[in-house]
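Visitor: this one's structure only:
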């Protein structure tokens, strides 16, 4: 079983080295609670973040709420459905939301900065580095980055889809030691005949069964996502070698409890403790593959079990057109993606040398040659 109902020291062990934390709050957590307006809720979360900063923690906040805030400002009773309406509400709401954040931060003696991202900003290599460098500089200057999807310009091709995914990608890019997704329930629970079953305290490994347990969206008028997007976010973050925590954020005091190691919410821990390097993170989570190479069972074992480079002898087919230095998918004989890497050869050259021994490559290429089609230093496993 890949989950337990009670913490057995996992939280204390993982919190020892935590310094950089990504916190994501959803739209519903910024709406009125017990008579508290949006301004008061923003003040409450910033007050708790200020407490964490006094511990020496670096905080990055991923905040939903632009469209919901725009609905409040414009008096819109139901979440708009058309893209222009959503974009307009996001544009109106983002101004108000950032005013509330900066006002609250200023009261606690620091400032915040707005970063509005589209998927293209993190997938394009140059823009990815610019965002990463900007985040590093803001944190070094003691500024709180507040990140949201750029809903006012996003369309389907450049959308993250939900802010759970955005938070996971930001955490992976920023090499966060911990990602916290605050929601309106106390973690992931087993399905039951009526309502929810027992809370899962610690999860080691996201499986298809666990995803099925997560279910679908919550159907709320203000928010999108649901538990399934949080589980997918956990799958991404833990693959990078870092933990993710889902907890009930209706009372923002939960943040102190989390950082004190309380057995609250659901903690997803990485199966492999080694953290993925920066270059391999980009390959695994952000790169846009230009083509595919299909390998045989022997090459699959060499890559996945022995940590070897991809040699031409193990390649059976080439798909797509790509240049040297491009990112390509490595597909196993079963049709699944097993790895992703930077190729030393273009597609035509790989077709020429596939299935051949490495000592034959130079004569087939007609000059100096690499023994490997993809070196293990520039390859990341996707299984």
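Guide: That came through, no problem. The structure presented is a predicted model; accordingly, all values stated were derived computationally and were not measured.
Visitor: going forward, measure contacts and count neighbours with C-alpha atoms only.
Guide: OK.
Visitor: So what's the gap between the longest helix along the chain and the chain middle?
Guide: Longest helix of the chain, by residue count under DSSP state H: helix 83-107. Relative to its chain's centre, helix 83-107 lies at 23 Å (Cα atoms, centre = their mean, to the nearest Å).
Visitor: How about stretch 258-266?
Guide: Taking mean C-alpha positions (Cα atoms, centre = their mean), stretch 258-266 and its chain are 21 Å apart.
Visitor: Report the rounded mean pLDDT for it.
Guide: Across stretch 258-266, pLDDT averages out at 96.
Visitor: Now stretch 88-102: buried residues?
Guide: 88-94, 97-98, 100-102 (16 or more other Cα atoms under 10 Å).
Visitor: Likewise for stretch 131-139?
Guide: 131-132, 135, 138-139.
Visitor: got it, and stretch 321-335?
Guide: Neighbour-count burial for stretch 321-335, counted by 16+ other Cα under 10 Å, picks out 322-323, 326-333.
Visitor: gap between it and the chain center?
Guide: Taking mean C-alpha positions (Cα atoms, centre = their mean), stretch 321-335 and its chain are 23 Å apart.
Visitor: What lies in contact with that stretch?
Guide: Residues outside stretch 321-335 that contact it (Cα atoms under 8 Å, 6 or more residues apart in numbering): 283, 287-297, 300, 337-348.
Visitor: First-to-last residue distance for it?
Guide: End-to-end span of stretch 321-335 (Cα to Cα, to the nearest Å): 19 Å.
Visitor: For it, give the mean pLDDT please.
Guide: The pLDDT scores in stretch 321-335 average 95.
Visitor: can you check stretch 106-124 too?
Guide: On average, stretch 106-124 scores 93.
Visitor: what residues does it touch?
Guide: For stretch 106-124, using Cα under 8 Å, 6+ apart, the contacting residues are 47, 50, 98, 101-102, 105, 127-128, 131, 138, 142-150, 154, 158-160, 286-288.
Visitor: Sort out for me which of those residues are in helices.
Guide: Within those, residues falling in helices by DSSP H are 47, 50, 98, 101-102, 105, 127-128, 131, 138.
Visitor: mind checking how far residue 332 is from residue 249?
Guide: On the measure of Cα to Cα, residue 332 and residue 249 end up 42 Å apart.
Visitor: To clarify, my last question referred to residue 269.
Guide: Counting by Cα to Cα, the gap from residue 269 to residue 249 is 20 Å.
Visitor: need the contact list for residue 341.
Guide: Neighbour list for residue 341: 283, 327-330, 374, 378-380 [criterion: Cα under 8 Å, 6+ apart].
Visitor: that older thread, which pair of the ones in helices among the contacts of stretch 106-124 spans the longest distance?
Guide: Spanning the widest gap among the ones in helices among the contacts of stretch 106-124 are 47 and 127, at 32.0 Å by Cα to Cα.
Visitor: Which one's more surrounded, the two?
Guide: residue 47 (18 against 13; other Cα atoms under 10 Å).
Visitor: which ones are touching the spatially most central residue of the chain?
Guide: Nearest to the mean C-alpha position of the chain, by Cα atoms, centre = their mean, lies residue 168 at 1.9 Å. If a contact means Cα under 8 Å, 6+ apart, then residue 168 has 179, 233-234, 236-237 as its contacts.
Visitor: how does it look with 6 Å?
Guide: 233, 237 (Cα atoms under 6 Å, 6 or more residues apart in numbering).
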